[in-house]
Every structure is written in C-alpha cells, then in structure tokens.
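[1] how would this look folded up:
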Amino acid sequence: MTSELRGRLSPFRDKAVARGIPGEDVERWLGLARPCATLAQGGDGPVVGRFGGPLLLPPGVEQPFHPFVAALDLAALPADATDLPLPPDGQLLLFAVPEDEGDYGSAGSAVYVPAGAEVEERDRYACGLAEIEEYRRMVEAYPRGELRATVDVSLPYHRAVELTGEPWSEPLPGHPRAGELVEVWDEVRGDVASGGPLQLGGYASEEAVYTDPVAGAVLCAREEAEAGRWDGPVSDDVSDWVLLADWSPGIAGWEGATVHWSIQREDLVARRFDRTFTTVYWNP
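    Numbers count the residues shown, from 1 in each chain. A predicted model of the protein is given here:
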C-alpha cells in the first residue's frame with residue numbers, strides 16, 4: 001500500500017487513540033489496511049467500466065442465470081488500485097440479484113473475458129430470473145452509465161461473533177478491541193475514503209456489521225459443495241478467500257441490500273472466475 005493511502009488513515013489513528021484504545025492495538029489494526037478501488041458514476045477518476053450497457057460474451061460462454069450488473073475494464077484500473085492478483089487486462093463481468101433467497105445458493109457470478117477475445121452481444125434480459133415479472137422490473141431498475149475509479153483504503157468493517165455455536169466470523173488474532181476499532185472506522189471512513197456503489201477488493205461492508213460477509217460466503221459455498229450443488233474444493237479457512245467486489249444497488253424496493261462476490265485466492269490466481277461465490281445481505 002502506498003504511503004499516500006497510509007497517510008489517509010491518520011484521522012482513524014487519532015480518533016482511536018483519543019477514544020482510549022491502546023496505541024499498540026490501533027497499530028495492529030492499521031496493519032490490516034488494504035487498498036481497494038471504489039467505482040462511482042461521478043468524480044474525476046478514470047473511466048474503468050460501466051453499469052449495464054451491452055452484454056458482450058464469447059460465443060461459447062453460457063448466458064449466466066443472474067442479471068448483468070457491470071463490466072469492468074481491468075487494463076483501465078489505476079496501478080496498485082487493489083492488492084488482488086487480477087489479470088492485467090480483459091473485461092470482468094459481474095452478475096447478481098440483490099435479494100436474499102434464504103438458502104445457501106450463490107446469488108450471482110463473474111465472467112472474465114480475455115482481451116482480444118471474440119464476443120457477441122446477448123440480450124441482457126435473457127437471464128433466467130428476468131422471465132419472472134417481479135425480477136424483470138428489478139433488472140430494468142439496475143443502474144446504467146460510466147464508472148469512474150478512485151483508489152481508496154479499506155479496513156475491516158465487522159465485529160467477530162458466534163452464531164448457534166459455530167464460528168461464523170473468527171476473532172481477528174491480536175485484536176481484542178475489534179468492536180471499538182470498527183466503530184471508529186465507521187465514524188471516520190467517509191472522511192478517509194471516497195466510497196461508491198461498487199468496490200473492487202478491500203474488505204466487505206454491509207448494514208449488519210457483526211459478521212464478515214466473506215466468512216458467510218465460505219459457509220454457503222461449503223454447504224453447497226457438500227450438497228453437490230457447487231464444485232469443490234472449498235477451503236474452510238477464510239484467509240484463503242478474498243473479496244472480489246461489493247455492490248450497494250440502491251434500487252427502490254431493495255434498499256439496504258449489499259451484494260458480495262467472493263473467491264478463493266488460488267482460483268483468482270488461476271483466473272477461474274467461474275468459481276466466484278456471490279452472497280447477499282438484505283434488510284427489507
């Protein structure tokens with residue numbers, strides 16, 4: 001992470017120390033900081049993709065079941081915008097439905113289209129869900145337009161808890177005051193990071209900050225793999241997974257929804273984007 005991004009965290013450090021959190025705990029937490037790219041439809045950053053627009057897929061790629069959200073031009077991303085091992089070029093296409101169906105199934109997918117690949121335009125309404133009237137109205141309300149990137153800094157945004165006796169989010173080693181540190185980050189992050197409806201890399205965030213969304217994806221992927229509905233292997237170790245992208249749709253009727261695309265790091269390195277697992281938090 002660049003010195004400029006580390007410098008942006010000074011307000012967080014100052015407020016945490018003023019809150020009475022020991023300096024050594026603050027510094028250990030700051031050691032978890034990660035760069036990320038926040039993508040918005042305004043600002044002065046470079047255009048790196050767009051919400052909606054034509055859906056361009058290679059002829060042999062099956063149309064994803066979930067609706068098309070955005071296409072990102074990886075070559076246009078600013079250098080070191082994330083610490084993810086992303087391909088240097090090509091298009092990353094994101095698909096999802098911002099609704100929690102109450103099961104363990106993936107709520108979306110990702111498709112990587114290499115630079116120079118032959119593509120054909122598909123009907124963005126040809127996905128399986130768009131055949132249902134309610135979902136078609138949802139898809140028609142998806143945002144559209146250019147996305148501009150800002151290089152930002154990200155800190156963990158969840159507290160570690162246990163639900164029904166099973167660790168959903170393991171306590172972060174060496175951080176017994178995680179709850180207080182998250183509260184401070186929540187208070188200052190609007191002054192530190194630009195923010196945007198779509199985030200690439202970094203840490204996941206959502207309205208319910210008591211669980212790690214990536215840990216939730218691990219749990220769901222494991223359950224789906226054990227049921228034979230998801231191809232393994234699935235690592236139970238959350239540290240083997242990374243957040244690929246976050247999306248806060250802001251669609252009328254689906255306010256409070258957050259979509260998380262998570263992927264095992266080794267799959268990302270191997271460009272197996274078809275193994276991206278998508279989860280949704282929605283508080284209707």
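[2] who's in contact with the nearest residue to Glu224 once chain neighbours are set aside?
    Distances taken as Cβ to Cβ, 6 or more residues apart in numbering place Trp230 nearest to Glu224, at 3.6 Å, with adjacent residues excluded. All C-beta atoms are positioned from the backbone trio N, CA, C, and that covers glycine. Trp230 is in contact with Ser106, Ala221, Glu224, Phe277, counting by Cβ atoms under 8 Å, 6 or more residues apart in numbering.
[3] Now those in TSV, please, with extra columns for pLDDT.
    Putting the contacts of Trp230 into TSV (pLDDT from 0 to 100) gives the following:
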residue	pLDDT
Ser106	94
Ala221	95
Glu224	94
Phe277	97
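[4] Return the member of the residues you listed nearest to Cys36.
    Nearest to Cys36 among the contacts of Trp230: Phe277, at 19.1 Å, using Cβ to Cβ.
[5] Now that closest one, what are its backbone angles?
    phi -110, psi 130 (degrees, to the nearest 10).
[6] Same question for Leu86.
    The phi/psi pair for Leu86 (degrees, to the nearest 10) is phi -80, psi 150.
[7] which non-adjacent residue is nearest it?
    Leu74 (5.6 Å).
[8] sorry, back to before: sec struct for the residue nearest to Glu224, please.
    Following DSSP: H, G, I helix; E, B strand; the rest coil, the label given to Trp230 is coil.
[9] do the same with Glu4
    helix.
[10] quick one: it from Val151, how far?
    The gap separating Glu4 from Val151 is 9 Å, by Cβ to Cβ, to the nearest Å.
[11] Under the pLDDT cut-off, which ranges of the stretch 151-284 of the chain? List them.
    Filtered on pLDDT under 70, the stretch 151-284 of the chain yields the residue ranges 159-174, 207-210, 284.
[12] State the number of residues packed around the residue lying closest to Pro85 once chain neighbours are set aside.
    Computed as Cβ to Cβ, 6+ apart, the closest residue to Pro85 that is not its neighbour in sequence is Val269, at 5.0 Å. Counted with other Cβ atoms under 10 Å, the neighbours of Val269 add up to 12.
[13] Kindly report the same for Pro88.
    Look at Pro88: counted by other Cβ under 10 Å, it has 8 neighbours.
[14] Kindly provide the distance from it to Arg50.
    20 Å.
[15] now swap in Val280 and tell me
    Noted for Val280: a distance of 22 Å to Arg50, by Cβ to Cβ.
[16] Look at Glu4 and Val151 and report which has more neighbours.
    Val151 (21 against 9).
[17] In this structure that one contacts Leu5, no?
    Yes: using Cβ atoms under 8 Å as the test, Val151 is close enough to Leu5 to be in contact (7.1 Å).
[18] rewinding a little: okay, and which of the contacts of Trp230 map to strands?
    Here DSSP state E is the test, and the contacts of Trp230 give Phe277 as lying in strands.
[19] Just the contacts of Trp230: which are in helices?
    Among these, the members falling in helices are Ala221, Glu224 (criterion: DSSP state H).
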